[in-house]
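Undergrad: Fold the stuff below for me.
(one chain, ligands or ions: 2)
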Amino acid sequence: MAEKPVRILVTGAAGQIGYAIVPMIAKGIMLGPDQPVILHLLDIEPAAESLNGVKMELIDAAFPLLKGVVATTDVVEACEDVNIAVMIGGFPRKEGMERKDVMSKNVSIYKAQASALEEHAAAGCKVLVVANPANTNALILKEFAPSIPEKNITCLTRLDHNRALGQISERLNAHVSNVKNVIIWGNHSSTQYPDINHATVTTSSGEKPVRELVSDDHWLNTEFITTVQQRGAAIIRARKLSSALSAASAACDHIRDWVLGTPKGTWVSMGVYSDGSYGIQPGLFYSFPVRCEKGQWSIVQGLKIDEFSRAKMDATAKELIEEKSLAYSCLN
Ligand code: NAD
Ligand code: LMR
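TA: Numbers count the residues shown, from 1 in each chain. Ligands and ions are numbered 1, 2, ... in the order given. Here you go, the predicted structure:
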């Protein structure tokens, strides 16, 4: 194992997703079985003792790939020389809080952490924002870390992408690994548009379009979409806690494909800075279909968009525009 360790920052590491993701990273699920890692774990002062407990468990797990753990409540120390930053830390919505109150707390956190990352992370650091509102937190991070290239900042919609694969797999009784090329357009929220118009399933008689195999357009255009859009809320109702293991797994999938490349013939969904592709206003973090190669993502171009899809893609863009102005009003 000759590889130099990669330093990975996990913010909110004492939280639910943090607790699920750190063993995944330390076991090589994010960067592969030959890549040693050093974990940088950040949380806030009230969670310091719990964060130290996570560090103790990481030591006790004796992971062969884990070459060190920095557990701290100091954002500068946490960001020092990191190559990958998984931003999970944030303020959860509490009873009686308005959307604006949550937005206000979180955009302030992302503004402050943007500066620390810009000044202290390693050159070329890749950033994944998980904490909600994920797209808008990523936008704030980008705006307040102008020297981090926009190509290096992304937000998580891979969980929604995986949820869409899961729903098709369940419906067709096909293994999930045979389903590919769904798309999540837009915001990681209930306005997202899960699109199966280009998705296929590998069957014993070759690759077939999902629309042909499901042959129930009504289900695809209604229940399928709302199930994926509202899956996060359904998990909260069932667990009384928001998704954690699936979110952690999706974050590993996101970084792995970004760094190591998407499999041939396959795309995935990532929230990235819009360049105007598919008529989406530039300057929003919007989920697109992307392919990754040599550590770079690029938006899949030229997909045919019908009227139904257009309306849904625009509706989620409209929500992101509104979130952006709300975020700025919170910062002013
Ligand atoms: P959690 O409340 O269990 O953990 C959040 C952690 O962040 C806590 O330990 C808290 O102390 C810490 N924190 C708060 N402020 C911080 C700061 N300034 N710096 C560092 N750490 C800080 O929440 P969770 O269930 O782990 O979820 C984390 C976030 O991820 C939430 O915003 C949630 O809504 C979001 N989420 C996103 C997706 C997605 O697909 N994008 C999926 C699931 C959850
Ligand atoms: C999810 O999609 O599971 C989460 O974003 C839900 C949430 O509000 O934390």
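Undergrad: which residue ranges form the strands in the protein?
TA: Here the chain has its strands, by DSSP state E, at 6-11, 37-42, 66-72, 84-87, 126-129, 153-155, 179-180, 183-185, 193-195, 200-203, 206-209, 268-273, 285-293, 296-299.
Undergrad: The closest residue to residue 12 other than its chain neighbours and residue 210, how far apart?
TA: Distances taken as Cβ to Cβ, 6 or more residues apart in numbering put residue 89 closest to residue 12, at 3.0 Å, once the chain neighbours are dropped. Placement of C-beta: from N, CA and C, glycine included. Residue 89 is 36 Å from residue 210, where distance means Cβ to Cβ, to the nearest Å.
Undergrad: and residue 57, how many neighbours does it have?
TA: Close neighbours of residue 57, defined as other Cβ atoms under 10 Å, add up to 12.
Undergrad: With the one 10 residues further on instead?
TA: When counting by other Cβ under 10 Å, one arrives at 16 neighbours for residue 67.
Undergrad: so what's it up against?
TA: Going by Cβ atoms under 8 Å, 6 or more residues apart in numbering, residue 67 touches 5, 36-38.
Undergrad: Would you mind giving the strands of the chain as CSV with mean pLDDT added?
TA: Below are the strands of the chain laid out as CSV (pLDDT from 0 to 100):
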stretch, mean pLDDT
strand 6-11, 98
strand 37-42, 98
strand 66-72, 98
strand 84-87, 98
strand 126-129, 98
strand 153-155, 98
strand 179-180, 98
strand 183-185, 99
strand 193-195, 98
strand 200-203, 98
strand 206-209, 97
strand 268-273, 98
strand 285-293, 98
strand 296-299, 98
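Undergrad: mind giving me TSV with those strands and columns for distance to ligand 1?
TA: Below are those laid out as TSV (distance: least, Cβ to the nearest ligand atom, whole Å):
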stretch	distance to ligand 1
strand 6-11	4
strand 37-42	5
strand 66-72	10
strand 84-87	9
strand 126-129	8
strand 153-155	7
strand 179-180	19
strand 183-185	10
strand 193-195	13
strand 200-203	24
strand 206-209	27
strand 268-273	8
strand 285-293	10
strand 296-299	17
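Undergrad: one step back: show the buried residues in the contacts of residue 67.
TA: The neighbour count (16 or more other Cβ atoms under 10 Å) marks 5, 36-38 as buried among the contacts of residue 67.
Undergrad: Of those, just say which sits nearest to ligand 2.
TA: Taking Cβ to the nearest ligand atom as the measure, ligand 2 sits nearest to residue 37 out of the buried ones among the contacts of residue 67, at 25.3 Å.
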